[in-house]
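Asks: Structure here, sequence nowhere to be found:
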């Protein structure tokens, strides 16, 4: 075992939420050197798929019992559905545990702000699970933007077109009766969300399609596609947000997401950086402009990267297109301009991975922060404001056609006070922040 792995093994982690991303995070953190000492999931079917790989780990159904009884853990990985990120992460931080939390950081803007403040208050290491933040290519893209190679940035167009979390006509009938699986603690799965009957469309997996549990496509993918630009340009909070949404009525707005949406964010000038307009597109109705620099038939976003996630950056001296999670591919267009940039530019050094694969570097970054090293790259001071942008877009989707002015310091929409009710929701009895 390398010295790096030996040091990492001193960090004992508990994994809470063992579904698709949970199992990936556990495996990757373990490969990066962490010691997985406890597993927790409200569904024993998901537990069974994972526990065989960690036979020495203690097993829990309720995260509260884990935190009360498992005194030896240093950190937790939170990979549950969005609606329970905040209550779990806050409980862990209050006990002085370091937290790696999947994206989006939380379900509501109030939750995100409280998590960000708690991380500072309790002085714990944190990391948002937007793994692309630690990709070498993402850092290269940031360096290119900051170098001025394409001049001052005027517009950013981000798109996610591979998936659609909208259900529309397939919304569950609230009168339907479905037996709760014997393996599942449905009440605990709901957590702070007001009670509703179990439906197999909610769990497993399909919870991402429902507003009470999820932040939709922008919640899932802005933390990937938007991160390189937020990082490189220090965007901060937008001054205004305006959404267009295709084809859903008031009842659908409460339960699910639009078939397609286009959201415009206006970011004010910061220092020497001029104002920036950022557009978000999802679904297949609204599409970003096609750069004139591309030849006929040449691919543009979103097909650059796997998953249909991509971006177009328009500067005063040129354009960049990039794709996949965390800018796994990027290039200045036309190609001659890219070649000219590489003659003068240099590639970024590894973050902390020392040659480790990109997918492990993000977890190693967190592990080393847990050991007293520098803060992780996407700690909650970065990941919190990044997630807030996504949640503001989600709020704007629910009031399409209305321009929302945003006062980030006071957490309010001064021109549309009624929108403030969308910043959080009333937890059911027994659950608090």
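Replies: Here it is on my side, so go on. All figures in this text were calculated on a predicted structure; none of them were measured in a lab.

Asks: Which helix or strand lies directly C-terminal to whichever strand or helix holds residue 13?
Replies: Using DSSP states H and E, residue 13 falls within strand 12-16. Using DSSP H and E, the helix or strand that follows strand 12-16 in sequence is helix 20-31.

Asks: Enumerate every residue touching residue 291.
Replies: Residue 291 sits next to 300, 312, 319, 321, 333 when contact means CB atoms under 8 Å, 6 or more residues apart in numbering. The way it works is simple: take the backbone N, C-alpha and C, and place the C-beta from them, glycine included.

Asks: how many other residues sit next to the third one?
Replies: This means residue 319. Neighbour count for residue 319, taken as other CB atoms under 10 Å: 20.

Asks: Just want the phi and psi numbers for it.
Replies: phi -140, psi 150 (degrees, to the nearest 10).

Asks: Test my guess that it contacts residue 313.
Replies: Yes - the criterion here is CB atoms under 8 Å, and residue 319 meets it with residue 313 at 6.4 Å.

Asks: can you pull out the strands in the stretch 201-350 of the chain?
Replies: Secondary structure of the stretch 201-350 of the chain (DSSP state E, counting those that start in this stretch): strands at 240-246, 260-267, 276-282, 309-315, 319-323, 329-333.

Asks: Any buried residues in the longest helix along the chain, and which?
Replies: In the chain, taking DSSP state H as the definition, the longest helix is helix 380-397. Under the neighbour-count criterion of 16 or more other CB atoms under 10 Å, helix 380-397 has 380, 382-397 buried.

Asks: Counting by contacts, list what the strand holding residue 13 packs against.
Replies: Other helices and strands packing on strand 12-16, by 3 or more CB pairs under 8 Å, 6 or more residues apart in numbering; DSSP states H and E, are helix 20-31, strand 35-40, helix 63-69, strand 75-78.

Asks: hmm, 6 Å instead?
Replies: Applying 3 or more CB pairs under 6 Å, 6 or more residues apart in numbering; DSSP states H and E, we find strand 12-16 packed against strand 35-40, strand 75-78.

Asks: Can you say which of the ones you listed is nearest to residue 238?
Replies: Minimum separation from residue 238 across these (CB to CB) falls at strand 75-78, 26.6 Å.

Asks: Tell me which residues are up against the helix or strand just after the closest one.
Replies: Per DSSP H and E, strand 75-78 leads on to helix 85-94 as the next helix or strand towards the C-terminus. Contact with helix 85-94 is made by 16, 63, 67, 76, 78, 99, 101, 106, 111, 115, 118, 122, 124, 192, as judged by CB atoms under 6 Å, 6 or more residues apart in numbering.

Asks: could you give the mean pLDDT of helix 85-94?
Replies: For helix 85-94, mean pLDDT is 98.

Asks: Following the chain past that helix, name the next helix or strand.
Replies: Counting by DSSP H and E, the element after helix 85-94 in chain order, helix or strand, is strand 98-101.

Asks: just checking, what packs against that next one?
Replies: If you count contacts as 3+ CB pairs under 6 Å, 6+ apart, strand 98-101 packs onto strand 75-78, helix 85-94.

Asks: Please name every helix or strand in contact with the first one.
Replies: Put plainly, it is strand 75-78. Partner elements for strand 75-78 (3+ CB pairs under 6 Å, 6+ apart): strand 12-16, helix 85-94, strand 98-101.

Asks: Tell me which of the ones you listed sits nearest to residue 431.
Replies: Of all the helices and strands packed on strand 75-78, it is helix 85-94 that lies closest to residue 431, at 6.4 Å by CB to CB.

Asks: tell me the contacts of residue 237?
Replies: Contacts of residue 237 (CB under 6 Å, 6+ apart): residue 408.

Asks: quick one: low-confidence parts of the stretch 151-300 of the chain?
Replies: Residues of the stretch 151-300 of the chain that meet the criterion pLDDT under 70 lie in 162-170, 299-300.

Asks: can you give me the helices in it?
Replies: Along the stretch 151-300 of the chain, the segments classed as helices by DSSP state H, counting those that start in this stretch run 186-190, 216-225, 227-233, 250-255.

Asks: Please state the offset of the third one from the chain centre?
Replies: The reference is to helix 227-233. 14 Å (CA atoms, centre = their mean, to the nearest Å).
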